[in-house]
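Asks: Model the following, please.
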Amino acid sequence: MASADEIIVNGQVITLPTLEVVKAVPIMAAGTNIDWLVHLYYARRDFIRCRIIIDRELYRSLNPEYLYYVKGLIDREEGNSIEALRNLQKALDLNSKNIETYKEIGKTLFIMGRFNQALSIFREAEELSPRQDHEICHFIGELLHRSAAACNQFALARQEEAEAKVYFERAVQSGKKLESFQRLGEILRKEKDYSKAIEVLENCLLLSPENIEVLTEIGVLYLKINETQKAFDRLSEVINLDKKCSKGLLAYGAILQ
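Replies: Sure thing, here's the model as predicted:
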């Protein structure tokens, strides 16, 4: 039986390197699928060993798509967004229907501040996706929200903000991304739909019960609809968690006064 640091693949025992002890990369038989090992090292953030395997296997692999994909993710983690885009594009060229690759290209463009291109990529991913994807919905909403904030044409800005709201609603329906709830709450507050904003942010607390920013915002929103006791309760939680939260202290002080 293999030990905790060993696994059995195709009848052979393979020793897994640890993060503490540097060992040679396990020798794999030609043609063996090593995507699992690449994923293991990437998940451990052991990018050096991950690159060694990728570079060794890339040009003899029957399916280099995943290798280019992970190489692109590593490049982005290390701050090399241009090289990340190149490798992710190579992965996409090998499989133009892989939704995850589209999403990672979109995220990379987002990090680079190329928002219009990122929006186009996420819209392509949306068209290809067989189901509603919360990440795609969130990023489309985020990009539309940013575009609306920067737009100097009132009618277009309102249209983009309304569309962003729809996408954030889809995002919270199909996934549990904290930022989606916060953005939707922000838009609802701007629309002065305070009760709905509170409902959204209360749901947000299910994901992050001690989130100071969310608790403070809920307290302030309760004040806006004259629910003083509920505001006091939420703001008391804020003060107990962070006695230096200036926004929470101001709202809390207003209630006491």
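
Asks: Going by C-alpha atoms from here, please, whenever you check contacts or count neighbours.
Replies: Will do.

Asks: quick one, longest helix in the chain?
Replies: Scanning the chain for the helix with the most residues, using DSSP state H, yields helix 154-174.

Asks: on contacts alone, who are the packing partners of that helix?
Replies: Applying 3 or more C-alpha pairs under 8 Å, 6 or more residues apart in numbering; DSSP states H and E, one finds that helix 154-174 contacts helix 134-150, helix 178-190.

Asks: run the last query once more with 10 Å
Replies: helix 134-150, helix 178-190, helix 194-207 (3 or more C-alpha pairs under 10 Å, 6 or more residues apart in numbering; DSSP states H and E).

Asks: For that helix, what is the distance to the chain centroid?
Replies: Here helix 154-174 is found 18 Å from its chain centre; the criterion is C-alpha atoms, centre = their mean, to the nearest Å.

Asks: What residues sit buried inside that helix?
Replies: 157, 160-172 (16 or more other C-alpha atoms under 10 Å).

Asks: So which of the helices and strands packed on helix 154-174 is the most surrounded?
Replies: Of all these, helix 134-150 carries the top mean neighbour count, a mean of 22, counting by mean count of other C-alpha atoms under 10 Å.

Asks: now for that one, which elements pack on it?
Replies: helix 99-111, helix 115-128, helix 154-174, helix 178-190.

Asks: now for these, which one comes closest to Glu135?
Replies: Nearest to Glu135, of all the helices and strands packed on helix 134-150, is helix 154-174, at 7.0 Å by C-alpha to C-alpha.

Asks: What's the mean pLDDT across that closest one?
Replies: Looking at helix 154-174 alone, the average pLDDT works out to 95.

Asks: Quick check: closest non-adjacent residue to Gln182.
Replies: Leu201 (6.7 Å; C-alpha to C-alpha, 6 or more residues apart in numbering).

Asks: how close does that neighbour get to Ile187?
Replies: For Leu201, the distance to Ile187 equals 12 Å [C-alpha to C-alpha, to the nearest Å].

Asks: next one: Asp133
Replies: 21 Å.

Asks: and Pro209, what element?
Replies: Using DSSP states H and E, Pro209 sits in no helix or strand.

Asks: Hmm, Glu202 and it touching each other?
Replies: Yes: the pair Pro209 / Glu202 is scored as a contact, 9.1 Å apart, by C-alpha atoms under 10 Å.

Asks: which neighbours do the two share?
Replies: Residues touching both Pro209 and Glu202 (C-alpha atoms under 10 Å, 6 or more residues apart in numbering) are Leu215.

Asks: Which residues are in contact with the nearest residue to Gly175 once chain neighbours are set aside?
Replies: Leaving out its chain neighbours, the residue that sits closest to Gly175 by C-alpha to C-alpha, 6+ apart is His134, at 5.0 Å. His134 is in contact with 140, 167-177, 180, counting by C-alpha under 10 Å, 6+ apart.

Asks: Please identify which pair of the residues you listed lies farthest apart.
Replies: Ile140 and Lys176 (15.9 Å).

Asks: Which of the helices or strands spans Val238?
Replies: Secondary structure (DSSP H and E) places Val238 in helix 228-241.

Asks: and after whichever strand or helix holds Leu40, which helix or strand comes next?
Replies: Here Leu40, judged by DSSP H and E, is contained in helix 35-43. On the C-terminal side of helix 35-43, the nearest following helix or strand under DSSP H and E is helix 47-57.

Asks: Tell me which residues of that next one come out buried.
Replies: 47, 49-51, 53-54, 57.

Asks: need those residues in JSON lines with distance to Gln89, can you?
Replies: Listed next are the buried residues of helix 47-57 as JSON lines, based on distance: C-alpha to C-alpha, whole Å:
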{"residue": "Phe47", "distance to Gln89": "20"}
{"residue": "Arg49", "distance to Gln89": "23"}
{"residue": "Cys50", "distance to Gln89": "19"}
{"residue": "Arg51", "distance to Gln89": "18"}
{"residue": "Ile53", "distance to Gln89": "20"}
{"residue": "Ile54", "distance to Gln89": "16"}
{"residue": "Glu57", "distance to Gln89": "19"}
